[in-house]
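Visitor: What follows is a predicted structure for the sequence shown.
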Protein chains: 2
Amino acid sequence: MSDAALQAIAELKPLLGDRIVTSEAVREHHSRDTSRLKPHLPDAVAFPQCEEEVQAIVRACAAHGVPVVPFGAGSSMEGHTIPVRGGISLDTRDMNRVVEVKAEDFLAVVQPGVTRKQLNTHLRDTGLMFSVDPGADASIGGMASTRGSGTTAVRYGTMRENVLALRVVTPDGTVIRTGSRARKSSTGYDLTHLFVGAEGTLGVITEVTVRLHPIPEAVSSAICHFESVRSAVEAVIATVQYGIPVARVEFLDEVAIAATNSYSNLDLNVAPTLFFEFHGTPNWVAEQARIAEEIARDCGGADFRWSTDPEERSRLWQARHDIFWATKAIKPGYDIYTGDICVPISQLADSIIAARDDIDASPLTGQIIGHVGDGNYHTAYLIDPDNPEDLAEAERLADRLVERALAVGGTASGEHGIGTGKLKFMRQEHGEAIDLMKRIKAALDPAGIMNPGKMGQGG
Amino acid sequence: MSDAALQAIAELKPLLGDRIVTSEAVREHHSRDTSRLKPHLPDAVAFPQCEEEVQAIVRACAAHGVPVVPFGAGSSMEGHTIPVRGGISLDTRDMNRVVEVKAEDFLAVVQPGVTRKQLNTHLRDTGLMFSVDPGADASIGGMASTRGSGTTAVRYGTMRENVLALRVVTPDGTVIRTGSRARKSSTGYDLTHLFVGAEGTLGVITEVTVRLHPIPEAVSSAICHFESVRSAVEAVIATVQYGIPVARVEFLDEVAIAATNSYSNLDLNVAPTLFFEFHGTPNWVAEQARIAEEIARDCGGADFRWSTDPEERSRLWQARHDIFWATKAIKPGYDIYTGDICVPISQLADSIIAARDDIDASPLTGQIIGHVGDGNYHTAYLIDPDNPEDLAEAERLADRLVERALAVGGTASGEHGIGTGKLKFMRQEHGEAIDLMKRIKAALDPAGIMNPGKMGQGG
């Protein structure tokens, strides 16, 4: 450990006591995320319980030039929380209080360690929900930092649309507020959106004000099979063009469907498939499903099955949510390597087909699922953890995915973020705008202590 | 004129010819906006026709330390385009080409001088629309710079939600791209949102990629009177809580209704009134109107009239759109001084009532209208242009409006922006975050040539 880190830790000990930890086990837990990227140990892990403690940690680290790496639920997928230059991993686990719910204003104020499921449990009796659902029970601070989204973004938006305001400890220990409780504002640079997606490189988020949405009176689900990826994507585009506010529309390719049949004991046709969900009044969800069915049939879809029955619905969507485990079950003992891109929806069919061709031409097994209403999809490659060639091949396929996405005006990551895993694509995607990002990073964090080696420095 | 400005103009003359103008009339036109703020003449007005010419102008100004003040349609309301330190007014009038419409991707790419009406005319046969409607036929570059919105924001969002990507000439003349054509992305600092609302202080927007929305199959309108402001606002909150995706919901107070009756030859009850608009399928708009009616009645609303008849609909909404002229007609020869705030919707009724009380206690006549689904409303004070006391009184009332909004967690401007008119509230609203804004401004525009004396410097 460096002298600087030792000094910062020693200074924080009287304040934090046993909430600043240097044990191997805790450091190890904070050395990695869910990705296969190379772990790196922090020098210590701090568990602040309030904003003042976050300030103290940041100030001590600033004084000694020690890195601060914010850590939420640890569910990030591109190495965001890996302390690649050591320093203190700042775990917001204990800042897990729902500060306030204002139902009339459709907002909740939470500490960053509150998870999305915790918030929705808390909201139980309000008739409102927090809509963003990235799959994992991520912390809301982490989701804001990663600009996370998931299956409902097509209707309710990503964290970009659902964060109204923040409190942030900046790299010199100052607390700032960004945004307000007003739904819209034309005053000042949009700092909220600068911190949303900054992956902890510009400060530590200590409070998040999120938008809430009414829980729909009725929900209907539908599932439909298609002859080809192209006809499935055409159906999605036509449905949105019709003005149907699809709440979720998920694509699963044949491999994903076969895995799901096997794992979830279903008998779905093994074909490119769309899962739809519609929200609204009972009449309106029925009408949405009818219109979507008609459009799907026009696009060659078959076996359109829809249901408002909660049990049937939840069985289908549970199968969708279990796709990770279903895929893992294809080859027991294998790991999953995940790709994530987003393209203009006009490019989506070609993009998925090329990704599928790539997998078919490769020795790896893989499937494709997508939040296709947004043009965002994921590949999942099964790799033998003991075979480095598998990892190299998965990386090669995921990189090709990104290269093709960038070539058609897409982005290197739809929702998983940059972390360290995708730094190499930053300049290719953003061109000279990278230099602006670096100037902003340097202006706001001149000593470079906030999550160094990530966005704003590398790339 | 300064030597620096003379030199910059001389350097640009060979490139721009008679598209760089120093005549009194043209400079005078670019010395003001629609506000009553003190005009200031630019040294010259430039009319670039392409991005390269914008680069040349910015580079020449950067070389000589001459201010560059972007100018769109000149419809801003807080002095945004007033060249308070002289320099070159960069008028995007001639950069008015719709570059591309990609219907499948629900987006259009436009040059900054394209106006919203021009774009919607261009989209005529696509089944799509550009939704943001600030009233004036503003340029889309200007609307992006001001983070503009209007009546449809409650359903379709403001410019914040409707700008996907930008091209920007930065203060050193570099062209950068921000965002992409993908609907969502988790890569890099959100520069798009940094430029949206920056009011031309960080660069010149040279291209805007905007989201398009399907034109609804059916539209229904409704109008309803209430006993009090409070019951009208309760009806709005309950309607949104029910999950009704209101397309527009506009509030008019008694004075506004009386003026409208007189100007538009209507016989509406002189009472606090809501204008609703619903978008969807024919069934769905009918159901939305029925539910809204039921909720309105529960809140004490009366005379709920709804119509899907285009003529009746357009007569009512035309009356709403003509409210500026109706208000002006109350006192012929008088000017209108406009207030603009946004508050959390739970605070909206109290806020409007206090604003009404303020007007009633003042010698001025005034009305209140609001985009109440967002908590945003405007006051309009009638002032005698020859009586400076009227202007002072209007300023006092508008300032009190902002003070009260800030005290309850609102914002100093819902949609009109800061310009020079509201700079004085920036620190009160944003606190220490102002220092961050100044650091960003200094990092991106170290010489301070972009629209100086506005956001990022003053306040």
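Guide: All right, it came through fine.

Visitor: Now do the contacts for the nearest residue to residue A:191 once chain neighbours are set aside.
Guide: Take residue A:191 and drop its neighbours on the chain: the residue closest to it by Cβ to Cβ, 6 or more residues apart in numbering or on different chains is residue A:178, 4.0 Å away. For the C-beta atoms, the positions are set from N, CA and C on the backbone; glycine is no exception. With contact taken as Cβ atoms under 8 Å, 6 or more residues apart in numbering or on different chains, residue A:178 is in contact with A:165, A:166, A:167, A:168, A:191, A:192, A:194, A:195, B:430, B:433.

Visitor: So which of those wins on neighbours?
Guide: Highest neighbour count within these: residue A:195, with 31 neighbours (other Cβ atoms under 10 Å in any protein chain shown).

Visitor: export the one helix or strand residue A:28 maps to as CSV, just CAs?
Guide: Secondary structure from DSSP states H and E places residue A:28 in helix A:24-29. Listed next in CSV are the C-alpha coordinates belonging to helix A:24-29 (Å, rounded to 0.1, in the frame of the first residue of the first chain):
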residue,chain,number,x,y,z
GLU,A,24,-8.3,-9.2,2.2
ALA,A,25,-11.8,-10.6,1.9
VAL,A,26,-13.6,-7.3,1.8
ARG,A,27,-11.0,-5.8,-0.5
GLU,A,28,-11.2,-8.8,-2.8
HIS,A,29,-15.0,-8.4,-3.0
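
Visitor: For the residue nearest to residue A:191, name its beta-bridge partners.
Guide: Judged by DSSP bridges, the bridge partners of residue A:178 are residue A:166.

Visitor: Residue A:367 too?
Guide: For residue A:367, the beta-bridge partners are residue A:380 (DSSP bridges).

Visitor: how close does it get to residue A:328?
Guide: Noted for residue A:367: a distance of 11 Å to residue A:328, by Cβ to Cβ, to the nearest Å.

Visitor: These two: who's more crowded?
Guide: With neighbours defined as other Cβ under 10 Å, residue A:367 and residue A:328 compare such that residue A:367 has more, 25 against 18.

Visitor: I'd like the distance between that one and residue B:418.
Guide: Relative to residue B:418, and taking Cβ to Cβ, residue A:367 is found at 50 Å.

Visitor: residues making contact with the helix or strand just after the helix holding residue A:28?
Guide: Sequence-wise, the next helix or strand downstream of helix A:24-29 (DSSP H and E) is strand A:44-46. Strand A:44-46 is contacted by residues A:5, A:9, A:12, A:16, A:19-22, A:26-27, A:29-30, A:53, A:57, A:71, A:88-91 when judged by Cβ under 8 Å, 6+ apart.

Visitor: The same query, at a cut-off of 6 Å, please.
Guide: By Cβ atoms under 6 Å, 6 or more residues apart in numbering or on different chains, the list of residues contacting strand A:44-46 from outside reads A:9, A:20, A:21, A:22, A:26, A:30, A:57, A:88, A:89, A:90, A:91.

Visitor: didn't residue A:223 look like it was pressed against residue A:274?
Guide: No: with contact defined as Cβ atoms under 6 Å, residue A:223 does not count as touching residue A:274 (7.1 Å).

Visitor: With neighbour numbers in mind, choose between those two.
Guide: More neighbours surround residue A:274 than the other of residue A:223 and residue A:274, with 28 against 24 (other Cβ under 10 Å).

Visitor: The stretch 1-150 of chain A against chain B: which residues are in contact?
Guide: The stretch 1-150 of chain A comes close to chain B at residues A:104, A:105, A:146, A:147, A:149, as judged by Cβ under 6 Å from any Cβ of the partner chain.

Visitor: got the contact list for the first one?
Guide: It refers to residue A:104. Applying Cβ under 6 Å, 6+ apart, we find residue A:104 in contact with B:237, B:346.

Visitor: would you list every one of the helices in the stretch 201-350 of chain A?
Guide: Here the stretch 201-350 of chain A has its helices, by DSSP state H, counting those that start in this stretch, at A:229-241, A:254-264, A:282-298, A:310-321, A:323-328, A:348-360.

Visitor: looking at those helices, which is closest to residue B:137?
Guide: Distance to residue B:137, taken as Cβ to Cβ, is lowest for helix A:229-241 among the helices of the stretch 201-350 of chain A, at 26.5 Å.

Visitor: wait, does that closest one contact chain B?
Guide: Yes: using Cβ under 6 Å from any Cβ, helix A:229-241 reaches chain B at A:237, A:241.

Visitor: and that helix with helix A:254-264, angle?
Guide: Helix A:229-241 runs at 80 degrees relative to helix A:254-264, counting by axes from the mean of the first three to the mean of the last three Cα atoms, to 10 degrees.

Visitor: which outside residues touch helix A:229-241?
Guide: Under the criterion Cβ under 6 Å, 6+ apart, residues A:226, A:249, A:272, A:274, A:292, A:295-296, A:299-301, A:345, A:348-349, A:352-353, A:372-373, B:104, B:214 lie in contact with helix A:229-241.
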